[in-house]
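**Q** my questions concern the predicted model and sequence given below.
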Amino acid sequence: MRRADRLLALMEALRGRPLVRGRELASGLEVSLRTLYRDIAALIRIGVPIRGEAGVGYSLEPGYYLPPLNLTPVEAEMIDFGLRLLQSVGDGSVTERATSARTKIRAVVPRDAQSAMDRNFFSVSQMAEQQQPRHDLLELKRAAENRRVLEIEYVASSGRRSVTTVHPLSLSFIGTWFMIGWCEESASFRCLRLDRIDRVTPTGRAFKLQGGNMLSSFIEQLQGCAKAGDVPGGASAYAKVCRVSGDRAYDS
């Protein structure tokens, strides 16, 4: 848990309770007492009215609330829809964080925005649950963030297996999850369906973004295809730019 999230959770744990023992707070946050005391001191320094002391317990001064997040009802509804979509198409790690984010946002938006979030006029199909990726989305995201080279074993629709070395650049959802990456063997972009990736192995190497192997280059090519009217868009546009291995539905 990030420290900012932990501090917010600490204030939520104190709110509306007369006195909470430090050990109970530390256990709920899964931190040591020493870390808890540092967090409480940090909140007090920025003006949060926490009363109490070590060995006795802590409380939050009655009437203290976090300032509401100033979202309009429509803005809150759009954010909620996006998070519900992630809950539906993401894997366990993404779903857990999307659920947590929805809870936190709903707690700090004005009442009319809360009502908008509850209306659910924008529905999310649960059919996408059948296409959940076989690999941890956040782990793949971190590989892209940290520019770590991956060795990927890919299974085509025909059953043919191939092993490729990929610089992961982005994860994209177009009816199913794709990894957009730069392939070292073919020196070209690859769009790999995550449900066809059988194995992901970190190589221990890092890659550099340079020349035409950057995500911005892929996006420029994608936009160029759309402007030229070469492809209708969506996954077909991806196929125009990428070398998609062994999948006729998205073959370039």
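**A** Arrived safely, thanks for sending.
**Q** number of nearby residues for Tyr58?
**A** Residues near Tyr58, counting by other C-beta atoms under 10 Å, number 23. From N, CA and C alone the C-beta is placed, and that goes for glycine too.
**Q** tell me which residues of the host helix or strand of Val200 are tucked away?
**A** Using DSSP states H and E, Val200 sits within strand 197-206. Neighbour-count burial for strand 197-206, counted by 16 or more other C-beta atoms under 10 Å, picks out 197, 200.
**Q** which strands or helices does that strand pack on?
**A** Secondary-structure packing of strand 197-206 (3 or more C-beta pairs under 8 Å, 6 or more residues apart in numbering; DSSP states H and E): strand 148-155.
**Q** contacts for the strand it packs on?
**A** 142-143, 161-168, 181, 184, 192, 196-203, 205-207, 245-246 (C-beta atoms under 8 Å, 6 or more residues apart in numbering).
**Q** kindly recompute the last result at 6 Å.
**A** Under the contact criterion C-beta atoms under 6 Å, 6 or more residues apart in numbering, strand 148-155 has outside partners 143, 161-166, 168, 192, 196-203, 205, 207, 245.
**Q** angle of it against strand 197-206?
**A** On the basis of axes from the mean of the first three to the mean of the last three C-alpha atoms, to 10 degrees, strand 148-155 is oriented at 160 degrees to strand 197-206.
**Q** show me what the helix or strand encompassing Gly82 is in contact with.
**A** Using DSSP H and E, Gly82 maps to helix 73-89. Helix 73-89 is contacted from outside by 94-95, 98, 101-102, 109, 112-113, 116-117, 122, 124, 128, 173, using C-beta under 6 Å, 6+ apart.
**Q** quick one: end-to-end distance for stretch 143-158.
**A** The separation between the terminal residues of stretch 143-158, taken as C-alpha to C-alpha, to the nearest Å, is 28 Å.
**Q** how about the residue nearest the centre of the chain: what's its closest non-neighbour residue?
**A** Centroid check for the chain by C-alpha atoms, centre = their mean gives Val94 as the closest residue, at 5.5 Å. Spatial nearest neighbour of Val94, excluding adjacent residues (C-beta to C-beta, 6 or more residues apart in numbering): Leu137 at 5.0 Å.
**Q** who does Leu171 bridge with?
**A** In this structure, Leu171 bridges to Met179 when assessed by DSSP bridges.
**Q** that one and Leu33, how far apart?
**A** 39 Å (C-beta to C-beta, to the nearest Å).
**Q** between these two, which one's more packed in?
**A** Shown here are Leu171 and Leu33; by other C-beta under 10 Å, Leu171 has more neighbours (19 against 13).
**Q** what distance do you get for the more buried one to Glu139?
**A** Counting by C-beta to C-beta, the gap from Leu171 to Glu139 is 11 Å.
**Q** please consider this matter closed, and thank you.
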